[in-house]
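1. Quick one, what's the 3D model for this:
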Amino acid sequence: MSASQETLASSLQQTLSANAQERKQAEHFLASIEQTAHFVVPLLQLVSNQSTDANVRFAAALFFKNFVKRRWPQDENTEDTLLAEDRQAVKSEIVSLMITVPKNLQLQIGEAVSIIAENDFPMAWPELISDLVSKLSATDYHVNNGILQTAHTVFKGWRSEFRSDQLYTKINYVLNQFTEAYMQVFITTDKLIDEHAGNRAALQILLHSLMLLCQIYYDLNCQDLPPFFEDHMAEFMQTFHKYLVYMNPNAESGDDDVAGDLEEVKASICEIIELYAKRYEEDFKQLPQFVQTVWDMLTTVGASHKYDGVVSKGMAFLRTVVRNPRQRELFSSSESLTLICERIIIPNTVLPESDEELFEDDPIQFVRRDIEGSEAGSRREAAADLVRGLLEQFSAETTRVMSAYIQKGLEQYAANPAAHWRGKDVALFMVSSVAVVASVGSLGATQVNELVNVSDFFSSQIVQHLQDVGSDQQAPILKVDAIKYVNTFRSQLPRDLLAQALPLLGSHLGHPNPVVSTYAAIAIERLLVLKKDGALLFGPADVQPLAEGMLGHIFGILDGADSPQKLAENDYLMKTAMRIFLASRTNILPLAPAALGKLAAILGEVSKNPSNPRFSHFLFEAVGSLARFSCAADPSAIGQFEATLFPIFQMILQEDVAEFMPYVFQILAQLLSVHQASGRLPEAYVSLLPPLLQPTLWSAQGNIPALVQLLQSYLQIGGGQLAGEGQLQPILGVFQRLIASKANDHHGFNLLLAISQFTPAESLKQYLKAILTLCLNRLQSSRTAKFTRNFAHYVASVLCIDAQSEAGVNLLMDAMDSIQPNLFATVLQNIMLETISSVVGRVERKTTVVGFALLVASRRFQSSAGYKGLTGPVLQQLVAMLMDTTVKETKTLADRSIVDGSSAAASAAVADEDLDSLEIEDTGYQASFARLATLGDIKIDPCPQISDPALGLGQILKPVQAQIGDAVQHLPVEARQFVLQAIAQS
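-> Residues are numbered from 1 along each chain as shown. Now for the predicted structure:
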């Protein structure tokens, strides 16, 4: 092992240490050396070195994968910090590495291959496929499996891509080089499986190859049916059919809970034939044969978990066939429907014994698997999907057949609840399957089977399980079923029934079974965002009487955790606590002190070892929403929040808890904004500012959006104070750092906007020349569309300063011309004109229109020879912007930024009505930085007196109509009419 490998190995070993300080030191060291040239070469050598400790090799593979995620992608908005020779070295070695490393390392390296291929293949990596083909072996299937895994890693992304010429070019490039060799390996593998039928060890390797071959077959066929596979369909389908019915004790998984390669082969074949049934039915002559085979397989397959994937994919195939009107006759008879329900659907809706054990032994995992599904797929959900497929074609008949089974289960339960609770569990599940015609996650069922009365069923069969928390002790799963019913049909049940259910659900937060209490939390959270006719179904007045009891149950459960990991395990509970604060609005104030104490204690505990990012996110959302509405109701409450939270925040910053630092900065920004009325920065925040400007904090990408937001708050509250105390210069140093980076330049402009908006013009004046020089240098050295767009918007914001006196226009022109005479005219003509109309964001576009209209209308612009002839072009670009309704309204998306501090004047950003149905998962949650959606951003609107940009354009141009008349007359007809109409209406 070389010296560089030894250093890497030592550092990677330390990242596995139980000592947090040792881990952090190692992580910081690795982060620093990954910036050096040729770092990646010894890293790959370490992964491939068989004499290295297995844990270190895995850590090296994981680090390499994340290194590739961070550093490999290239576009105009990111710096390419990876040397071309290092890129080539990786591509030269990575295929061989995939072939030789163990399977657990292959998965990590494979993800890196996928990222590299997505960015480079085929244009910058044309040799990839020929390299893979050349390494295929007729005898060494360890090598083949590495190659096939690599190929699948590269191809599988096509499954989810939209059709495009570029994608088809890539697929055809692969087909031309890969298919012949692929088919030869396919045929050979089939032959060798027959030859080694009695050799379990050989079969394990060969069946893994066949599984990969099946997955690649799907990859290559997922977008269109290639001529090669159309020509050879009979041979491939014959082999697929062979392995769909293949039986060999030596080939089956020995673990009933884990699918082996044979089970995965059969599941993959079901996926392939479903694809063909859905997309290539006319060419798929073997379809009837496969329908019969899958039917037979589903009626005989065992109940073990290892078969879940086969059963789920098999039922998905049948569902696809059932939904096809051309195949209707296969299932149209009453006998067929009865058989499919009796022999396939009903048996696969019975709760497996292993799930009953999971319900008791690992409740949170049970909930997650039930909600999020397992990789293999859930038999129950597949059965429900099959029912929905039957309902599309045979609604009345399917409802009648399924209702008979449902009624039977309910009657058995009524006769002997203790003995037949499983019958009611199946019945309740099947009611949802039969009743739900369409659903979305945010609303539950959006359309129901008109033959099922969901309200009557709630009253007759559901509410009995919710009226007494102590009921159903023999079968708490029935409580879960009842809660899930309410959640599923929340958009269909009338308000009076939901109002009846809500307090009952609140009581079940205190149920001793964690699955029951967790599902109660999930249902409550969904009910509190439910709207009808545009208004919340349950407003603050409805929630207030229930809030204390519900929060008491939630915090009681969390208080019982015996470790930080256990405490953070149940993110569903924390999400519901957050939602209760949001739903209560300012009514939460009486409960705020106790709730704040609980949240602070939880934060202090989980910060010792952050283990669940979702829990952490909802925890900080809860803190933020509680602070927001408490301080809105009583501004003096800020003192208690600061006194309680500051010591914990200080500990997080001192201990460098990287996962929490962006959250801390966002909460600090929110707390500081409460002091806006005072007009001065509190001393505690003043003393915090110098450490916030240290380069170390800004070197962590995840900190940057939150730190910018915090500095915006500083400037909003005390911009004049900071300017008077000489603090603008270090803040501008941060701006200089940010705009030097293609990835962060938009954050730099967000900071710059706050400086311009919240500090006196005289203070800005002394720095404006330096600011513009930095921007112009960046435009000259590495111009991007994003940077130019943000620069144009910033220039417009300066032009808006003190519009009546034209102070902003003079300020900008003076600064530009002090760099070089007539420089602004040159920049305007050569850079700005082509950029103005591309500015995005509602307020940003308004600012751009107003700012450049003020420029055109200014005496200095109209009287200076350097600007002669620019009036018309500028107006044409402004009109183009106003007339283009396709321009994106969201600057944040255009900048690919989570924090966007450029939207309106000095107030909290997320309006109360936007919080009504806020979906946290849609607000930019990421591993490195997660924006706290309940807080909002600092609002910056340089021209708040104007709401309609078109009207503003007319108002500004009207006094100079005579001076600009000739330029207006030479505009294109549509643009001329727009300007004249705007002036006339002003």
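2. And residue 417, its phi and psi?
-> phi -60, psi -40 (degrees, to the nearest 10).
3. going forward, begin numbering at 53 instead of 1
-> Yes, from this point I'll number from 53; that puts the last item at residue 469.
4. Would you confirm that it contacts residue 517?
-> No - shown here, residue 469 and residue 517 do not form a contact pair, counting by C-beta atoms under 8 Å, at 10.6 Å. The way it works is simple: take the backbone N, C-alpha and C, and place the C-beta from them, glycine included.
5. higher neighbour count, the two?
-> Under the criterion of other C-beta atoms under 10 Å, the comparison of residue 469 against residue 517 puts residue 517 first, with 22 against 16.
6. give me the number of residues near the nearest residue to the more buried one once chain neighbours are set aside?
-> Excluding the flanking residues, the one nearest residue 517 by C-beta to C-beta, 6 or more residues apart in numbering is residue 534, at 3.9 Å. For residue 534, the neighbour count with other C-beta under 10 Å is 27.
7. May I ask you to confirm that residue 497 belongs to a strand?
-> Yes - assigned with DSSP: H, G, I helix; E, B strand; the rest coil, residue 497 falls within a strand.
8. Count the neighbours of it for me.
-> By other C-beta under 10 Å, neighbour count at residue 497 equals 21.
9. same question, residue 915
-> 10.
10. Just the pLDDT for it.
-> With respect to pLDDT, residue 915 scores 93.
11. Now do the phi/psi pair for residue 488.
-> According to degrees, to the nearest 10, residue 488 has phi -80, psi 120.
12. now swap in residue 660 and tell me
-> phi -70, psi -30.
13. any idea what sits nearest it, other than its immediate chain neighbours?
-> Nearest to residue 660 is residue 616, by C-beta to C-beta, 6+ apart, at 5.0 Å.
14. With residue 574 instead?
-> residue 624 (5.4 Å).
15. quick revisit: pretty sure the residue nearest to residue 660 is touching residue 656, no?
-> No - using C-beta under 8 Å, residue 616 is not in contact with residue 656, being 9.7 Å away.
16. Which strand or helix spans the residue lying farthest from the centre of the chain?
-> Residue farthest from the centre of the chain, counting by C-alpha atoms, centre = their mean, is residue 1014 at 53.5 Å. Assessed by DSSP states H and E, residue 1014 sits outside every helix and strand.
17. Would you quantify the distance from it to residue 266?
-> 77 Å (C-beta to C-beta, to the nearest Å).
18. per-residue confidence averaged over stretch 717-737?
-> Mean predicted confidence for stretch 717-737 is 94.
19. Kindly report the same for stretch 660-675.
-> Mean predicted lDDT for stretch 660-675 stands at 95.
20. Show me what the host helix or strand of residue 537 is packed up against.
-> Residue 537 is part of helix 529-540, with elements assigned from DSSP H and E. In terms of contacts (3 or more C-beta pairs under 8 Å, 6 or more residues apart in numbering; DSSP states H and E), helix 529-540 is packed against helix 473-487, strand 496-500, helix 547-560, helix 566-579.
21. contact partners of that helix?
-> Helix 529-540 has contacts (C-beta atoms under 8 Å, 6 or more residues apart in numbering) with 403, 408, 411, 473, 476-477, 480-481, 483-484, 488, 491, 496-497, 509-510, 514-515, 517-518, 523-524, 545, 550, 553, 557, 560, 563, 565, 567-568, 571-572, 574-575, 578-579.
22. 6 Å - rerun?
-> 477, 480, 484, 496-497, 514, 517-518, 524, 553, 567-568, 571-572, 575, 578 (C-beta atoms under 6 Å, 6 or more residues apart in numbering).
23. Can you pull the poorly scored residue ranges out of this structure?
-> Across the chain, the ranges flagged by pLDDT under 70 are 53-55, 426-428, 939-980.
24. got the residue ranges for the strands in it?
-> Applying DSSP state E to the chain gives strands spanning 488-492, 496-500, 583-584, 587-588.
25. Using JSON lines, please lay out those strands together with distance to residue 743.
-> Listed next are the strands of the chain as JSON lines, based on distance: least, C-beta to C-beta, whole Å:
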{"stretch": "strand 488-492", "distance to residue 743": "46"}
{"stretch": "strand 496-500", "distance to residue 743": "48"}
{"stretch": "strand 583-584", "distance to residue 743": "44"}
{"stretch": "strand 587-588", "distance to residue 743": "42"}
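26. Of those strands, which is nearest residue 773?
-> strand 587-588 (40.6 Å; C-beta to C-beta).
27. neighbouring strands for that closest one, and are they parallel or not?
-> strand 583-584 (antiparallel) (DSSP bridges).
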